[in-house]
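> Predicted model follows, preceded by the sequence.
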Amino acid sequence: MPSLGADMDAGTLVQWMIKPGDAVKRGQVVAVVETQKGAIDVEIWEDGTIDQLVVETGKKVPVGEVLALLHAAGETAAAPPAKPAAGSRPGPAAPAKPRVEAVSPAATGMARGRISPAARKLAEELGIGIDSVRPADPDGVVSRADVERAAAARSRDAARAAGAPAGREPAADWRAQMRQAIAAAMSRSKREIPHYYLATDIDVTKVTDWLASENLKRGVAERLLPVVPLMKAVALALREMPELNGFWTAEGYKPSPAVHLGVAIALRGGGLVAPAIHDADKKGLDQLMADLRDLITRVRGGRLRSSEMSDPTVTLTNLGDQGVEGVFAVIYPPQVAIIGLGKVTDRPRVEGGAVVTRKVLTATLAADHRVSDGHRGAVFLATVGRLLQDPEKLL
């Protein structure tokens, strides 16, 4: 069972997408796992042939337990795994590469194009006929939020028929579980990680003006969101600061050679997830925009992949769209840093002895003092600011 975040102790195997004897390729979705944050498509990380499905669907499995056995080309069938000792529990480590992954529509007959696995499972739990649930977007996928709305409507109708006020929404318990999982991860973070915090104001006049001019040349569908050049600048700065990009494990700090930028995305029903945009420092703005749009769509539809949840090397949270000027976030273990961005505001600045109006953004950094210090954190924020003064080079 892959670790899909610090707030995950176990997951429920919802569906297998493969069977013994099937050949599998690295990155193929082979299973669906239900967590507090919804159903996750699990991908396999090695080519090979499936020998045995160790875990049956519907079983809740601790992180680290073997889900399936496979052998590579030229190898003989794998031996059954030794069962972990009673009461044993894997220690903290960098996010493990999942051994099996999420399911495929052709293999299961499930209409993945119309109904997300999370929505289907929730509908079964609540006794909702999934065929009667319609997505908010007529051409979209039925999501957990759609099922929750249908369940709430049924609850209200039943209450009105009985002449009593509607009670708690059926989805409330699911939301409570998510809040508890997030609280547990953040409590662990504040308890174990010696945070330090930095904030700086960055003049983003040049990048804002450049973006407005660039978007005028593009069709509506190709325009860039303001956060995209900020993401690229952060990713490039992290490449220069390896002590902010990696994982704290039982053996100490392990920097990551790749920048997998976790982007905090709010869920419609409450809570958030921070899936990774892989190799963000190597991608152009158009690709980053496409990846961000795809992530948001799949997060809202309950269709995330395990690789996106298991290996973010750092997290970026942007609350500028919500009117927040500064955010001091809590590090998501086992990561060692989190960057916060606020809204862009017009502020007076003195240049050449005259007062001028400039567009300014407050950027913050929370980092792990076991790995870095305030000096290096300050250099990182200064690097982000410097990169944003030359926006053409971010393309």
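Cool, got the structure.

> Leaving out the residues flanking it, which one is nearest to residue 343?
residue 320 (3.7 Å; C-beta to C-beta, 6 or more residues apart in numbering). (Each C-beta comes from the backbone N, C-alpha and C, glycine too.)

> Can you give me every residue that contacts the one you found?
Contacts for residue 320 (C-beta atoms under 8 Å, 6 or more residues apart in numbering) come out as 226-227, 341-344, 361.

> how close does it sit to residue 208?
Per C-beta to C-beta, to the nearest Å, residue 320 is found 12 Å from residue 208.

> Select the longest strand from this protein.
Across the chain, the longest stretch assigned as strand under DSSP state E is strand 354-368.

> who are the neighbours of that one, in terms of helices and strands?
strand 195-203, helix 205-216, strand 337-341, strand 345-351, helix 374-387 (3 or more C-beta pairs under 8 Å, 6 or more residues apart in numbering; DSSP states H and E).

> where's the residue of the chain most remote from its centre relative to residue 217, distance?
Within the chain, residue 353 marks the point farthest from the mean C-alpha position, 45.7 Å out by C-alpha atoms, centre = their mean. Residue 353 is 36 Å from residue 217, where distance means C-beta to C-beta.

> Just the pLDDT for residue 215.
Each residue has a pLDDT score; the one for residue 215 is 96.

> Does residue 1 touch residue 68 like I think?
No - here residue 1 lies out of contact with residue 68, judged by C-beta atoms under 8 Å, at a distance of 10.6 Å.

> quick one: contacts for the nearest residue to residue 35 once chain neighbours are set aside?
Closest residue to residue 35 in three dimensions, ignoring its sequence neighbours and counting by C-beta to C-beta, 6+ apart: residue 11, at 5.0 Å. Applying C-beta under 8 Å, 6+ apart to residue 11 gives the contacts 1, 4, 33-35, 40, 60-61, 63.

> change it to 6 Å
Contacts for residue 11 (C-beta atoms under 6 Å, 6 or more residues apart in numbering) come out as 1, 33, 35.

> ok, the last one to residue 350 distance?
What that stands for is residue 35. 51 Å.

> more crowded one of these two?
Shown here are residue 35 and residue 350; by other C-beta atoms under 10 Å, residue 35 has more neighbours (23 against 8).

> Look up which residues are beta-bridged to that one.
Note on residue 35: beta-bridge partners residue 38, judged by DSSP bridges.

> is it true that it touches residue 8?
Yes - with contact defined as C-beta atoms under 6 Å, residue 35 and residue 8 form a contacting pair (5.5 Å).

> and the lengthiest helix in the chain, how far from the chain's centre?
For the chain, the helix with the greatest residue count under DSSP state H is helix 172-192. In terms of C-alpha atoms, centre = their mean, to the nearest Å, the centre of helix 172-192 is found 15 Å from the chain centre.

> quick one, that helix and strand 195-203 angle?
100 degrees (axes from the mean of the first three to the mean of the last three C-alpha atoms, to 10 degrees).

> Packing partners of helix 172-192?
The helices and strands touching helix 172-192, judged by 3 or more C-beta pairs under 6 Å, 6 or more residues apart in numbering; DSSP states H and E, number zero.

> contacting residues for residue 289?
Taking C-beta under 6 Å, 6+ apart, one finds 224, 228 in contact with residue 289.

> Now with 8 Å, please.
Listed by C-beta under 8 Å, 6+ apart, the contact set of residue 289 reads 224-225, 228.

> Helices of this structure, start to end?
105-108, 117-126, 144-162, 172-192, 205-216, 227-240, 285-300, 306-310, 374-387.

> What mean pLDDT does the third one get?
The pLDDT scores in helix 144-162 average 60.

> Next: stretch 176-189.
In this model, stretch 176-189 carries a mean pLDDT of 81.

> begin at 14 from here
In the new count, where the first residue is 14, that last one comes out as stretch 189-202.

> Any buried residues in it, and which?
191, 194-195, 198-199, 201-202 (16 or more other C-beta atoms under 10 Å).

> And for stretch 309-322?
Per 16+ other C-beta under 10 Å, stretch 309-322 contains these buried residues: 311-322.

> Grab the CA positions of that stretch and hand them over as PDB.
The C-alpha coordinates for stretch 309-322 follow below in PDB (Å, rounded to 0.1, in the frame of the first residue of the first chain):
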ATOM      1  CA  ILE A 309      -7.700  20.900 -10.900                       C
ATOM      2  CA  THR A 310     -10.200  19.100 -13.100                       C
ATOM      3  CA  ARG A 311      -9.300  15.700 -11.800                       C
ATOM      4  CA  VAL A 312      -9.100  16.800  -8.100                       C
ATOM      5  CA  ARG A 313     -12.700  18.100  -8.400                       C
ATOM      6  CA  GLY A 314     -13.700  14.900 -10.200                       C
ATOM      7  CA  GLY A 315     -12.000  12.600  -7.700                       C
ATOM      8  CA  ARG A 316      -9.600  11.100 -10.200                       C
ATOM      9  CA  LEU A 317      -6.100  11.600  -8.800                       C
ATOM     10  CA  ARG A 318      -3.200   9.300  -9.400                       C
ATOM     11  CA  SER A 319      -0.900   7.800  -6.700                       C
ATOM     12  CA  SER A 320       2.300   9.200  -8.300                       C
ATOM     13  CA  GLU A 321       0.900  12.700  -7.900                       C
ATOM     14  CA  MET A 322       0.100  12.200  -4.200                       C
END
